[in-house]
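**Q** Got a predicted model here, sequence first, then my questions.
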Amino acid sequence: MDLNLSDEQKLLRESAERFVAESYDADHRRKMTNDPLGFSPHVWEQFAELGWLALPIPEEFGGLSGGPIEIGILMEAFGRGLVCEPYVATVVLGAALIERCGSTAQKQASLPKIADGSMKLAFAHSERAARFDLAKIVTSATKSANGWRLTGSKIAVLDGHAADEIIVSAHLHDHHGPSGRIGLFLVPATASGLAISDYPRLGGGRACNIELSDLHLSEDALLGDGNDALPAIEWAVDRAMAALGAEAVGIMQTLLDTTLEYTKIRKQFGRPLSANQVIRHRLADMAIQLDEARSMALRAALKADSAPVERARAASAAKAKIGRCARFVGEQSIQLHGGMGVTEELEVGAYFKRLVAFDTLFGGTAHHYSRHAELGRSTASA
Amino acid sequence: MDLSFNTEERAFQSEVRSFIAKNLTGEMKRATALTPSVFSDPDIGMAWQRALHGRGWGAPGWPVEYGGPDWTPAQRWIFESECARAGVPNVNVMGVKMVGPVIIGFGSPEQKNFYLPRILSGEDYWCQGYSEPGSGSDLSSLKTRAVRDGDDYIVNGTKIWTTHAHHANRMFALVRTSDGPRQQDGISFILIDMKTPGITTRPILTIGGDHEVNQVFFDDVRVPVANRVGDEGKGWTYGKYLLEFERGSGIASAKLREGLRAITELAESDLTGRAIDSPDIATRISEVEIDIDALEMTELRVLSALQTGQNPGAVSSILKLRNSEIRQAVTRLGVDVIGHDALAVEPMRPLYKLNHEPALPEEMLTLVPEYLNGRAYTIFGGTSEIQRDIIAKMMLGI
């Protein structure tokens, strides 16, 4: 039992925090909000140079064989500065799905390029009718003479507009009809029959909706051998939730620091706001909830490779709890900044919006409390 | 990073398990499960303390030279967790966990030689004389006065919320020996024999129907000056030192988990008409379980820091605060799970020695009293409001 950071992990944290503090300021963030790409290709190159894109990729494919803890360290630092590069889409989701589902040839073709920064990915899975149910998609992939034909609509695809290839999930249909299996397809962004409409994402970065209209793909576009990819999707999304939870912790830390500073400086009735017990206790509650969130993000990362039910319960526990803490810390940060907190003139709002986006992404607090409860019941009866 | 325990720690875990299996009698276990107050009565609690002492585990937090077992923080965590899981008696902490560390830290050699072995063996049973009717959260405003008269102090005043004063043969108390410029000055830490003439004890019944706390009156009570721990007037420092111990050895999550497990079992049983089938109850069980997960993880983070010699600091206030709040959430859930059965009151105590058939199944008997008595968790040992003050001051620097 040891939850202390190793020396390498401490170095990673220091370098990530330093990089974010130096490269990310309010001007940069404002520029990115209005940028059609939504992030800086130059920063992405620096990520590659720093080895962060290679972090979780196995060494044999040009990576550093890091794990969820290292990803969490990085993501927390990203949260401190509201980093908007497509790290989750490309590395946390994309690379993980290829590593888990892809054939050796597919891994060889993609993973080294992700590691060196020359390939960006996105994961198109969510659908409007499915809400947060990962199993309930209707996009179909029908076997054709020389490959696959995909039809369907995807929503809330993170950074899909910037991806070189998009991993699309679809129900596999063979000659006999639906197979009951979900497959993952590597779709080049330039494929015909793929229509991407992107939009600025709440809290920074971009996302898109995707239409797949009779999109033709070759046989080898299917990742792996056609086994049901749902367990892999659940695994990858649980990992992404752990990573995003760590990012939310970083965001909350910045909000708490900023709010604390403000309440010390801002004077009303002849004394600083922080001299009022009602304010002090609110800040104490924010610190407590931040600490709880930190514990839950770490826990989800530590259990990211546990057996499926244990992993999924830890991920949902973290998502629900951190979501609830994030809303509290975010909303109270605005409240304690008073009217200025509601304006775009301070950055409190930008950080808050990223927390709201976090809470919504892959299912909100209510969804994950229910998922946790259902998973608990199925283990009890098993 | 690694959440799992190493080979030696796992070996220790099985050692603890077999110790418990051998020493925890069915009677102790049942009595503990049927005790809706914080601590087991001495007949149950001290029986367990004697068993622990027999194994050399009577005082896990003490240095080896005074009889501590020299455990690592991880071993202490394993020990506490296994005890909680097994449902061992809740030994009154006033001796081993409260006055013991103060005597070790500040007592004279004579005091150490006399008192420490008697705490370990359970021969002495301690109560705490801190709060007074006029001094709750503002503890250092206390007025109980000890006036020097030769080799004695003469003590006059009253203490309140004195847990198990009706069982204890000794009390450690904060008393005013002089008036300093600050109200924290002039307080001394003394040890009082409860059989001394002039001491009277009045029971206070809590809303759950239990007699656990008391008010104690001192009327010209003679206490030898030799019974003062440390310097005269420095008692506040020693008392605060003790409060840090009271706020938790930082190992509470296992007990909370055990409480939630029992309630979940009830919710899954026909006794409650399968309360768990209501999505509201199922989700609330998850909410509480997740809060326990977070607390456990914070405890383990603190433990890891302790293992490498780091000081966890004001996080002990977070642990105290969250433990007490989650405990209340568990008891609240318990009341809701049993539905209409929450209406039945069983006034007799102890619940494990009833001489009539109670109106409720045994596993439901403690739930309402636990909920009612449990309101005290966020009040004793420094209220939640005081903890928030400490967090604001110590962690946030405001």
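**A** Everything's here; your move. Numbering: from 1, shown residues only, chains lettered A, B, ... in the order given.
**Q** Which residues of the stretch 251-398 of chain B lie near chain A?
**A** Within the stretch 251-398 of chain B, the positions near chain A by C-beta under 8 Å from any C-beta of the partner chain are B:268, B:276, B:279, B:282-283, B:285-287, B:289-291, B:293-295, B:297-298, B:300-301, B:303-305, B:307-308, B:315, B:318, B:321-322, B:385, B:387-389, B:391-392, B:395-396, B:398. To be clear about C-beta, it is placed using only N, CA and C from the backbone, and glycine gets the same treatment.
**Q** which among those end up buried?
**A** B:268, B:276, B:282-283, B:285-287, B:289-291, B:293-295, B:297-298, B:300-301, B:303-305, B:315, B:318, B:321-322, B:387-389, B:391-392, B:395-396, B:398 (16 or more other C-beta atoms under 10 Å in any protein chain shown).
**Q** What residues does the stretch 1-150 of chain A have near chain B?
**A** A:1-6, A:9, A:69.
**Q** which stretches of chain A form strands?
**A** For chain A, applying DSSP state E gives strands covering A:121-124, A:140-144, A:147-158, A:165-174, A:177-188, A:194-200, A:206-218, A:267-268, A:271-272.
**Q** An error on my part: the question was meant for the stretch 51-200 of chain B.
**A** Secondary structure of the stretch 51-200 of chain B (DSSP state E, counting those that start in this stretch): strands located at B:126-129, B:145-149, B:152-160, B:170-176, B:187-193, B:199-205.
**Q** Name the residues of the last one that are buried.
**A** In other words, strand B:199-205. B:199, B:201.
**Q** What helices and strands are in contact with the very next helix or strand once past that strand?
**A** Next helix or strand after strand B:199-205 toward the C-terminus (DSSP states H and E): strand B:211-224. Contacts defined by 3 or more C-beta pairs under 8 Å, 6 or more residues apart in numbering or on different chains; DSSP states H and E place strand B:211-224 against strand B:152-160, strand B:187-193, strand B:199-205.
**Q** Just give me how far the first one sits from the chain centre.
**A** Distance, stretch centre to chain centre, for strand B:152-160: 24 Å (C-alpha atoms, centre = their mean, to the nearest Å).
**Q** Neighbouring strands of that strand in the sheet, and parallel or not?
**A** strand B:145-149 (antiparallel), strand B:211-224 (antiparallel) (DSSP bridges).
**Q** Could you say which of the ones you listed is packed most deeply?
**A** Mean neighbour count (mean count of other C-beta atoms under 10 Å in any protein chain shown) peaks for strand B:211-224 among the strands paired with strand B:152-160, with a mean of 19.
**Q** Walk me through which strands whichever helix or strand comes after that one pairs with, and which way each runs.
**A** Using DSSP H and E, the helix or strand that follows strand B:211-224 towards the C-terminus is strand B:228-229. With DSSP bridges as the test, strand B:228-229 is paired with strand B:187-193 (antiparallel).
**Q** ok, now which ones touch residue 341?
**A** I'll assume chain A. Residue A:341 makes contacts with A:333-335, A:348-349, as judged by C-beta atoms under 8 Å, 6 or more residues apart in numbering or on different chains.
**Q** Actually, chain B is the one I wanted.
**A** B:272, B:360, B:364.
**Q** tell me the pLDDT at the second one?
**A** Among the per-residue scores, residue B:360 holds a pLDDT of 95.
**Q** Can you get me a residue count around the closest residue to it other than its chain neighbours?
**A** Nearest residue to residue B:360, sequence neighbours excluded (C-beta to C-beta, 6 or more residues apart in numbering or on different chains): residue B:344, at 5.1 Å. Residues lying near residue B:344 (other C-beta atoms under 10 Å in any protein chain shown) number 13.
**Q** ok, residue B:25 to chain A distance?
**A** Distance from residue B:25 to chain A, counting by C-beta to the nearest C-beta, to the nearest Å: 29 Å.
**Q** what phi and what psi does the backbone show at that residue?
**A** phi -80, psi 160 (degrees, to the nearest 10).
**Q** Neighbours of it, how many?
**A** Neighbour tally, residue B:25, other C-beta under 10 Å: 13.
**Q** residues contacting residue B:139?
**A** B:130-131, B:174, B:239.
**Q** correction: residue A:359
**A** Residue A:359 neighbours (C-beta under 8 Å, 6+ apart): A:323, A:326-327, A:365.
**Q** what does the model give it for pLDDT?
**A** For residue A:359, pLDDT reads 97.
**Q** Please apply the same query to residue B:241.
**A** pLDDT, residue B:241: 82.
**Q** Now do the same contact list for it.
**A** B:101-102, B:105-106.
**Q** give me the element it is part of.
**A** helix B:235-246.
**Q** Would you tell me what the next helix or strand after that helix is?
**A** Using DSSP H and E, the helix or strand that follows helix B:235-246 in sequence is helix B:253-267.
**Q** Buried residues in that next one, which are they?
**A** B:253-260, B:262-264, B:266-267.
**Q** Phi and psi next, for the residue minimising distance to the centre of chain B.
**A** Central residue of chain B (C-alpha atoms, centre = their mean): residue B:93, 5.1 Å from the mean position. Note on residue B:93: its backbone torsions stand at phi -90, psi 0 [degrees, to the nearest 10].
**Q** Quick one: the helices in chain A, in order.
**A** Under the criterion DSSP state H, chain A contains helices at A:7-23, A:26-33, A:41-50, A:68-81, A:87, A:96-101, A:104-116, A:230-265, A:277-302, A:308-337, A:348-360, A:365-381.
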